[in-house]
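J.: With the input below, show me the fold.
(2 chains)
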There are 2 protein chains.
Amino acid sequence: MANKDCVGVRVFSLNCWGIRYLSKHCSQRYQMIGEMLCKEQHDIVLLQEVWSEKDFLYLKTKLTSTHPHSHYFKSGVIGSGLAIFSKHRIHDTFLYRYSLNGYPYMAHHGDWFGGKAVGMAILNLAGLTANVYVTHLHAEYSREKDSYLSHRVVQAWELQQFIRHTSTGADVVIVGGDLNMHPKDLGCRLLMSYTGLRDSYVETAKFDGCENGMTLIADNLFISKNELIPFEKGIRIDYILFKGSSKTDIYCDFMSTTKGSVPGHALPYSDHEALTAELRLESHIPAQTGSDKTQDTPTEKLAELVDTLTEARTEVKVGLHCAERMRYTAARTGVMGLALLFLELAIAAVPCFALGAEQPFPRISFYLLAALCFAILLTTFLLYIFYTMELKSLQGAEDQMRLAAGSLQEKLRGFSVTQPHSVPQRSPDGEQPCALDPEE
Amino acid sequence: MANKDCVGVRVFSLNCWGIRYLSKHCSQRYQMIGEMLCKEQHDIVLLQEVWSEKDFLYLKTKLTSTHPHSHYFKSGVIGSGLAIFSKHRIHDTFLYRYSLNGYPYMAHHGDWFGGKAVGMAILNLAGLTANVYVTHLHAEYSREKDSYLSHRVVQAWELQQFIRHTSTGADVVIVGGDLNMHPKDLGCRLLMSYTGLRDSYVETAKFDGCENGMTLIADNLFISKNELIPFEKGIRIDYILFKGSSKTDIYCDFMSTTKGSVPGHALPYSDHEALTAELRLESHIPAQTGSDKTQDTPTEKLAELVDTLTEARTEVKVGLHCAERMRYTAARTGVMGLALLFLELAIAAVPCFALGAEQPFPRISFYLLAALCFAILLTTFLLYIFYTMELKSLQGAEDQMRLAAGSLQEKLRGFSVTQPHSVPQRSPDGEQPCALDPEE
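T.: Next up, the predicted model:
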């Protein structure tokens, strides 16, 4: 392959504020986002707070032609909310769930249920291995009395660990997301100084966007001014970060943010501003075919790997069905508990209306039955949440396995072109479970 | 540095079965393990099921002179149970918690509470970067009806992902632990084929130990024969795996296991057999000073990093105190709820003994009070568990930060020797929070 000296990469990042039924104009905004992404055709799109998988699938369908490769990172009760769309093939993905993420009883803050995490995708950009990360850290609800500070610092610590340890082999590292930290905040400094990542807003040659690169601004109609106090104009908490390697230099030629409103539309895309960075990669060394740690693996080994992977996917699917059934049973039992409680209350209510009538059943049984109903409701609720988390983890693993299988099949196809007859051609659809002839 | 052509590394792995008060002869066995490790002086010791931190600290004290470097990986409610002791300096550590790990209501199996994980430590072995992993996967309680199979497969999947993505820069990879899988099991195949790891039992030139390398054997007096059916003699579920890199070849010259009993002792070390592998590393390329991704960093940057790290540790410690206080409050409230319940039961019991006496308080208040007590007990119990998990995560992060700070200070000391007066000498004790003069 020839010496690649210059590659341009356009990266987009947006916190979509996609809480169905709660975030304002959610579906309308997703439509706007989808149209804009179709038009702009960024190389890499990093989205946060895509809380509903339905919305991810909506975007996926909409972006089929412009961004054929995508991944949705599943975790926690609701999900990580992280999604990536790419023009370039995603070879591998990995998710790291932060060990600390708020408190389950702070349900109105909701962070705990979101299962915040950092997702990684390995892409091949014109022969260079790019490790792309998308993340969303715990929100800061009060700057003066930030009871989640230690959690966010630990998240920043784990983020830098994850990036540092997983990107050793990468030619380029790109990180996008809502860090919920101001540029000089402890977590930010920890992340930047440990990893050597550079901030595209600081590094860019040309900038067009909000003052000081702010991404949560008073001019956004979804933002109440009181939320921002004491920062009247806004704050900068969303970032696109990058770094090169000994093999590749990376520069930011241009960076932009949206400015609260979208020309030609009544609404902004989100309560956060969207970020776009135009990066330029310059590689010194003749590029190799990149990212492939399995590229030296002989065909037989690859075929064996595909078989093992298929078997593993089957096993995970069995687990999925099992968890689904258990969750369904928990839900059904819960509904029965609720029905029993209503029935009891209805029977108990009769004497109140028919004054003077005798209480239909003894008090002790009444209270015991009520206690039983509450116990059933609580237990089934906890079980339902637990099985939902289990399902997400199983689905997440299955998704990653499917992607890995697709990537391996691609490689096998490559082999079968150069070494005809050695391995049968496969369908490009990673979705389809494959069974290799064992005699291959 | 001269061309290192040959380095010998002795690796030890043991599942310690260290459940305080439940595992048989626990403290006696730890004493035996400590003495043996002192005598044998392996380069790297990988332990699993060290459930109590007290036992880890006991071993740490005992091994101060032979294995000055150690790390205990904290996670989950109880902990990961993973520990590493090393003759060589540990430069960096990282922990990955498996997303699936059994069910909390299967309390008698206990895996969920253990928070199973894989721990990584980066060592420098005579100029070579060694990524060392220790792990323990979910137990298999029934081979016929293994309801945790999908969980274990996902754990194996995440294990291979973690190893593969974090070891790109390593010259040597060493993995030790209790995989709870037979050699031909799906998870094992997934792990081995994806990562290219090799099994020291299969690869060793010379072997001394149990038949077929078994590590859970009928001859161990802690094992009941019924547990092993249908494998009368035993099974092989503990492993030491390894692989080299383009820079380094790795061979296993000798491998051994204990054989159920320990000569000169009445007890075995554990219900599992201990594994020892003698590995030989051969590097092709003149070795560098290894693992250090920060080695090109100028002194000022390093000093700044140390400052940031110190600040982060302080923040995490604040969080730690806060979580400790909350946990204490939860425990105290729980105890009060329990006392209230006993008081109520005592009052209610009076009429039973003094026959004919009137019930001292109305039934409805009795049941309401009892329900309140139960609600308090349940809530405080859940909160206690939650805060314990939070504490473990915070402690884990703090430990890793301390280690990292120690490593950075070491590097700064190196600088100050080569560049006198540029940076003040620091105490070798990573424990001590340090404050660099900003004008340095």
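J.: how deep is A:G127 tucked in, by neighbour count?
T.: By the other Cβ atoms under 10 Å in any protein chain shown criterion, the neighbourhood of A:G127 contains 18 residues. For every residue, glycine as well, the C-beta is placed using N, CA and C.
J.: Next to chain B, which bits of the stretch 201-350 of chain A? Give me the list.
T.: Those residues of the stretch 201-350 of chain A that sit near chain B, judged by Cβ under 8 Å from any Cβ of the partner chain, are A:293, A:297, A:301, A:304-305, A:308-309, A:311-312, A:315-316, A:318-320, A:322.
J.: would you list every one of the strands in the stretch 1-150 of chain A?
T.: In the stretch 1-150 of chain A, the segments counted as strands under DSSP state E, counting those that start in this stretch are A:7-15, A:44-48, A:69-73, A:82-86, A:90-97, A:117-125, A:128-136.
J.: Just the mean pLDDT for the last one, thanks.
T.: For strand A:128-136, mean pLDDT is 96.
J.: Run through the neighbouring helices and strands of it.
T.: Contact analysis of strand A:128-136 by 3 or more Cβ pairs under 8 Å, 6 or more residues apart in numbering or on different chains; DSSP states H and E lists strand A:7-15, strand A:44-48, strand A:82-86, strand A:117-125, helix A:149-166, strand A:172-178 as its packing neighbours.
J.: Touching the third one from outside, list them.
T.: I take that to be strand A:82-86. Outside of strand A:82-86, the residues that reach it under the criterion Cβ atoms under 8 Å, 6 or more residues apart in numbering or on different chains are A:37, A:43-48, A:50, A:56, A:59-60, A:63, A:67, A:69-73, A:90, A:117-119, A:121, A:123, A:132, A:134-136, A:177.
J.: tell me the secondary structure for the residue of the stretch 251-400 of chain A found nearest chain B?
T.: For the stretch 251-400 of chain A, the residue positioned closest to chain B under Cβ to the nearest Cβ is A:G319, at a distance of 2.3 Å. Assigned with DSSP: H, G, I helix; E, B strand; the rest coil, A:G319 falls in the helix class.
J.: Tell me the confidence at it?
T.: At A:G319, the predicted lDDT confidence score is 83.
J.: Tell me who's in contact with it.
T.: For A:G319, the set of contacting residues under the criterion of Cβ under 8 Å, 6+ apart consists of A:L394, B:L149, B:S150, B:H151, B:V153, B:V154.
J.: In a markdown table, list those along with neighbour count and distance to A:L338.
T.: Shown next, in a markdown table, are the contacts of A:G319 (neighbours: other Cβ atoms under 10 Å in any protein chain shown; distance: Cβ to Cβ, whole Å):
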| residue | neighbour count | distance to A:L338 |
| --- | --- | --- |
| A:L394 | 26 | 28 |
| B:L149 | 21 | 33 |
| B:S150 | 26 | 30 |
| B:H151 | 28 | 30 |
| B:V153 | 29 | 36 |
| B:V154 | 29 | 33 |
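J.: which one among these gets closest to B:A331?
T.: The nearest member of those to B:A331, counting by Cβ to Cβ, is B:H151 at 30.9 Å.
J.: and the least confident helix or strand in chain A by mean pLDDT with chain B, contact?
T.: The least trusted helix or strand in chain A, going by mean pLDDT, DSSP states H and E, turns out to be helix A:111-114, with a mean of 80. No - on the criterion Cβ under 8 Å from any Cβ, helix A:111-114 is out of touch with chain B, staying 9.5 Å away.
J.: Contacts for that helix, please.
T.: For helix A:111-114, the surrounding residues in contact (Cβ under 8 Å, 6+ apart) are A:51, A:76-81, A:101-104, A:106-107, A:136, A:138-139, A:148.
J.: same thing with stretch A:210-230?
T.: Looking at what lies outside stretch A:210-230 - Cβ under 8 Å, 6+ apart - the contacts are A:17, A:24, A:143, A:178, A:201, A:207, A:232-238, A:255, A:257, A:259-261, A:267-268, A:270-273, A:275.
J.: what do you get for stretch A:326-344?
T.: Among residues not part of stretch A:326-344, those counted as contacts by Cβ under 8 Å, 6+ apart are A:366, A:369-370, A:372-374, A:376-377, A:380-381, A:383-384, A:387-388, A:391.
J.: In contact with A:E49, which residues are there?
T.: Listed by Cβ under 8 Å, 6+ apart, the contact partners of A:E49 are A:N15, A:C16, A:W17, A:G18, A:I19, A:G81, A:H136, A:D178, A:S270.
J.: quick check, nearest of these to chain B?
T.: Distance to chain B, by Cβ to the nearest Cβ, is smallest for A:G81 among those, at 16.0 Å.
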